[in-house]
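Undergrad: let's see this in three dimensions:
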Amino acid sequence: MTKLSVNINKFATLRNSRGGNLPNLIEAAKDCELFGAEGITVHPRPDGRHILYSDVEELKPILTTEFNIEGNPIPQFIELVLKIRPAQVTLVPDSEDVLTSDSGWNTKLHKGYLREICSLLNSHGIRSSIFVDPHPEMVKHAADTLCNRVELYTESYATLYDSGKREEGIAPYIKAAEAAKEMGIGLNAGHDLNLRNLAYFYQNIPDLLEVSIGHALVCDALYLGLENTIQAYLRQLKTI
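TA: Residues are numbered from 1 along each chain as shown. Have a look, this model is predicted:
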């Protein structure tokens, strides 16, 4: 079964744009779980433009599903996740000024550094995942870091799918998934997955353990409502 982890960053973005506590991030996370989400994802950034470090601390004791914290493993991030001890930490190589994640790790170049971080996370009972582009070589070098999983960066797939080239778009992901299976590591995916392209991705990528979806899901919820939207995404992960 492929789990749906809902990224709740956009709820925090909306709250922060006005100040106060509307929408209430804690209640939003609880509702996502109530409506069927099988995990909650957050990606705190140093500039605090959406999820705050304090939000992460408040979320941990109330969540009943898997908690996934994404981020660049700078010292304050590592300090946070070792304190919180979520189910999973996804390492993302984004700089402080990036609008959103825009590339995966070069796991060959940064192998020693990533191995150090993954070993630290693993020693604290935290599942480690590395955000990578859909290249078998990057997946294979990721396996050398002792990470538990890789998360495939799916923007290029989404772009080609929208342009009518879904077979071309999915091809490198199939090869990357085969490499992950060969190396014995788990497989996640995320970024720009939505109700249009998720089912096709799911149908073609074997052994997919988790998808993390936020922006598109929250946008859909503006029209469909949060409960209906989460259920709609879950149905895409059951399409045969």
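Undergrad: use CA for all of it now, contacts and neighbours both
TA: Noted.
Undergrad: phi, psi for the most centrally placed residue in the chain please.
TA: Central residue of the chain (CA atoms, centre = their mean): residue 212, 4.0 Å from the mean position. When read as degrees, to the nearest 10, the backbone of residue 212 gives phi -110, psi 120.
Undergrad: where does it land on pLDDT?
TA: As predicted, residue 212 sits at a pLDDT of 98.
Undergrad: distance of it relative to residue 18?
TA: Remark: distance between residue 212 and residue 18 (CA to CA, to the nearest Å) = 26 Å.
Undergrad: circling back to that earlier point, thought the residue nearest to the centre of the chain was touching residue 8?
TA: No - the criterion here is CA atoms under 8 Å, and residue 212 misses it with residue 8 at 10.1 Å.
Undergrad: now the longest helix anywhere in the chain, how far from the centre of its chain.
TA: In the chain, taking DSSP state H as the definition, the longest helix is helix 166-183. Helix 166-183 sits 18 Å away from the centroid of its parent chain (CA atoms, centre = their mean, to the nearest Å).
Undergrad: which strands or helices does it pack on?
TA: With contacts taken as 3 or more CA pairs under 8 Å, 6 or more residues apart in numbering; DSSP states H and E, helix 166-183 sits against helix 136-143, helix 155-162, strand 186-190, helix 198-204.
Undergrad: ok, and the closest non-adjacent residue to residue 51?
TA: Excluding the flanking residues, the one nearest residue 51 by CA to CA, 6 or more residues apart in numbering is residue 44, at 5.0 Å.
Undergrad: list the contacts for that neighbour?
TA: Contacts of residue 44 were listed using CA atoms under 8 Å, 6 or more residues apart in numbering, and they are 50, 51, 52, 53, 56, 69, 70, 71.
Undergrad: so the last one sits against residue 91, correct?
TA: So the one you mean is residue 71. Yes - look at residue 71 against residue 91 with CA under 8 Å: they come within range, at 5.4 Å.
Undergrad: for residue 58, see how far away residue 84 is.
TA: Computed with CA to CA, the distance linking residue 84 and residue 58 is 10 Å.
Undergrad: out of those two, which sits in the more crowded spot?
TA: A direct count of neighbours by other CA atoms under 10 Å for residue 84 and residue 58 places residue 84 higher, at 18 against 14.
Undergrad: list the contacts for the more buried one?
TA: Residues near residue 84 by CA under 8 Å, 6+ apart: 56, 57, 60.
Undergrad: just residue 7 next, same as before
TA: 40, 41, 42, 43, 212, 213, 214, 215.
Undergrad: and it, bridged to which residues?
TA: Counting by DSSP bridges, residue 7 is bridged to residue 41.
Undergrad: tell me the pLDDT at it?
TA: Looking at residue 7, its pLDDT reads 98.
Undergrad: what's the distance between it and residue 225?
TA: 16 Å.
Undergrad: next: residue 162.
TA: 24 Å.
Undergrad: ditto for residue 38
TA: 18 Å.
Undergrad: these two - which one has more neighbours?
TA: Set residue 38 next to residue 225 and count neighbours by other CA under 10 Å: residue 38 wins out with 19 against 13.
Undergrad: ok, that one - contacts?
TA: 3, 4, 5, 6, 65, 66 are the contacts of residue 38 under CA under 8 Å, 6+ apart.
Undergrad: now the first one: closest residue in space, sequence neighbours ignored.
TA: Taking CA to CA, 6+ apart as the measure, residue 3 lies nearest to residue 210, with 4.5 Å between them; neighbours along the chain are not counted.
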